[in-house]
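Asker: this is the structure alone, sequence omitted:
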């Protein structure tokens, strides 16, 4: 109920944010995606929506990442934090599960789950929802990177250099490290979407080493602690605690 | 013979080991004093634990303190089984003791002597733990510590202080003066620490890619300060007890010790000011310890005025030595190489320079310099080889993941401050 009452407000803000970031045809496609798959059934799944829009923007991971970041910023500037919305919904769902018996949805029936997960059915926007481990990992890395960039604008580049150096020395895990270096230089973490938990943990450690080399161990420890605290608040942290990345 | 000359001769002929003479450590008062002094030296381990544990990051503090305990616990075994015999057994041509391995120590005087000496051996070994903190694995460290207490320290000790039973060490025979061990205990420990630091390499991120050193503050400076105070009081047993008798000489020895410690603190503060820097407490405490290390060789053979000077320069050296090591990209967590190695060398030189009744004697100075050089040439390569072998066989350096998690957790599966480290504590060992 709460989700559907918020939908008009969300839609207006969303359309404004999309229009400010994307060109006209892409903005129209994004709004269409919103109306087709999200507005009725999951208006608070903005994180997923932004991810899907980003995926449709370009094949280039860096461009996709930039588009997603721009969209997030545009939404937050308009007072709509996708992560906070998602958390609020999760809390509401948890509360309703705790107090009520399962009820029929008030809004129109959601699209069949199979269709949502079927890329053929949804065209370029179709994508399976991210695993909790990946969501936690992505937020963990982004928090670290934001921390680094707030300390020194060039630190992101230092991070990338250090990660590439690690990739040069590594006997295994080379491609993953290079992907991480690409991400630090402005790319995306897409290649980690299906990575095993152990690979995510190893990547987090390599990132820590790069942080130590770029900023020093004191700063690295502080940023690591902050990243854990931040990601601990994600709903996905219940399924994949960020401490598993340490 | 004047009192001063008799006193000088007493020191030259092995003041630390008058037990060779009949009747030494037989009188109850002597035994009581040396046991008390030995207990004070034991208490120095608490000082090292606090100083080193406080100077390390919170996630490594338990590991550092465990190493201090291991130095004492396993060091006793190595020293009792092999070290004591090498150091104080019947001297073979002044080079090595060849008796008294696994000693039974039935006599009260022998046991008292051994009790006092074992504390010295553990002190030498524990100097290493602070320098190599936060990245050396516990198991290989213990093996390294036993090599120091069982071989490196006692063999040089045999040259400078041996023997308790028969004959004397070749350095001692030359007239080398090191009353309580500026070189024998502290420099040897400092050179071993230097070797460990070189083999291990610096902690993650300790130096920026361009070589700029990055400060990694210790997690608890009050612990460092308290550790410094405990070391200081322990030094009164370390130096005062080296008379091995409850004599009136203990007074001047401990006065000199105290004055040098005070001036070491002042010297470290002054040099920081002269360098245009704030007076950091950690370095100032290190300066006090540097002054105490420096006076250890000559505390029984120099006047208080020279003790002041020796301590002051010890304070200077403790600070400048840290800078030198940083320039060389050597990561010594607590400044042990500077405080124990460099200040010990300076103190040994000062013991020759300021020898009461024989000031600035070039011949004495040469012998002192020879002793310092021999200590380095023996201890440093031996320790370097030992740590290198340990690195190649057991693996000396903790993996970088363990450095990230902290050695408290990865080596001992516990953390020193769980309330404040929850975010950084991994959920499982692997």
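Answerer: All right, it came through fine. Quick caveat: nothing in here was measured; it's all calculated off a predicted structure. Numbers count the residues shown, from 1 in each chain, chains lettered A, B, ... in the order given.
Asker: for chain A, which residue gets nearest to chain B?
Answerer: Using Cβ to the nearest Cβ, the closest approach of chain A to chain B is made by residue A:212 at 3.1 Å. (C-beta placed from N, C-alpha, C; glycine too.)
Asker: that residue: which element?
Answerer: Secondary structure from DSSP states H and E places residue A:212 in helix A:197-215.
Asker: apart from its neighbours in sequence, what residue is nearest the residue in the stretch 1-150 of chain B positioned nearest to chain A?
Answerer: Nearest to chain A in the stretch 1-150 of chain B, going by Cβ to the nearest Cβ, is residue B:57, at a distance of 7.4 Å. Nearest residue to residue B:57 in three dimensions, chain neighbours excluded: residue B:219, at 5.3 Å (Cβ to Cβ, 6 or more residues apart in numbering or on different chains).
Asker: please apply the same query to residue B:183.
Answerer: The shortest distance from residue B:183 to any non-neighbouring residue, by Cβ to Cβ, 6+ apart, is to residue B:348 (4.4 Å).
Asker: hmm, that neighbour is touching residue B:182, no?
Answerer: Yes. Taking Cβ atoms under 8 Å as the definition, residue B:348 is a contact partner of residue B:182 at 4.7 Å.
Asker: of those two, who's got more company?
Answerer: Applying other Cβ atoms under 10 Å in any protein chain shown to residue B:348 and residue B:182 shows that residue B:182 carries more neighbours, namely 34 against 31.
Asker: the more buried one: what's it in contact with?
Answerer: B:293-298, B:343-345, B:347-348, B:351 (Cβ atoms under 8 Å, 6 or more residues apart in numbering or on different chains).
Asker: restricted to helices, list those.
Answerer: B:293-295, B:343-345, B:347-348, B:351 (DSSP state H).
Asker: closest one of these to chain A?
Answerer: residue B:343 (27.7 Å).
Asker: neighbours of the closest one, just the number please.
Answerer: The tally of other residues near residue B:343 (other Cβ under 10 Å) stands at 37.
Asker: got the contact list for it?
Answerer: By Cβ under 8 Å, 6+ apart, the contact set of residue B:343 is B:182, B:186, B:264, B:290-291, B:293-294, B:314, B:317-318, B:321.
Asker: hmm, 6 Å instead?
Answerer: For residue B:343, the contact set (Cβ atoms under 6 Å, 6 or more residues apart in numbering or on different chains) comprises B:290, B:293-294, B:314, B:317-318.
Asker: just how off-centre is the helix or strand hosting residue A:229 within its chain?
Answerer: Take DSSP H and E as the rule and residue A:229 turns out to sit in helix A:217-232. Centroid separation for helix A:217-232 versus its chain: 18 Å, with Cα atoms, centre = their mean, to the nearest Å.
Asker: buried stuff in it?
Answerer: A:217, A:219-225, A:227-228, A:230-232 (16 or more other Cβ atoms under 10 Å in any protein chain shown).
Asker: can you tell me which of the residues you listed are up against chain B?
Answerer: Residues of the buried residues of helix A:217-232 in contact with chain B (Cβ under 6 Å from any Cβ of the partner chain): A:217, A:225, A:228.
Asker: would you reformat those residues as TSV and include distance to residue B:86?
Answerer: As requested, these are arranged in TSV below (distance: Cβ to Cβ, whole Å):
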residue	distance to residue B:86
A:217	40
A:225	49
A:228	51
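Asker: which member of those residues is positioned nearest residue B:239?
Answerer: Nearest to residue B:239 among those, counting by Cβ to Cβ, is residue A:217 at 37.7 Å.
Asker: ok, the closest one - contacts?
Answerer: So residue A:217 contacts B:204-205, B:216 (Cβ under 6 Å, 6+ apart).
Asker: 8 Å instead, please
Answerer: B:57, B:203-206, B:214, B:216.
Asker: residue B:415: which of the residues you listed is nearest?
Answerer: residue B:57 (11.5 Å).
Asker: where's the closest one relative to residue B:130, distance?
Answerer: Going from residue B:57 to residue B:130 by Cβ to Cβ, to the nearest Å gives 13 Å.
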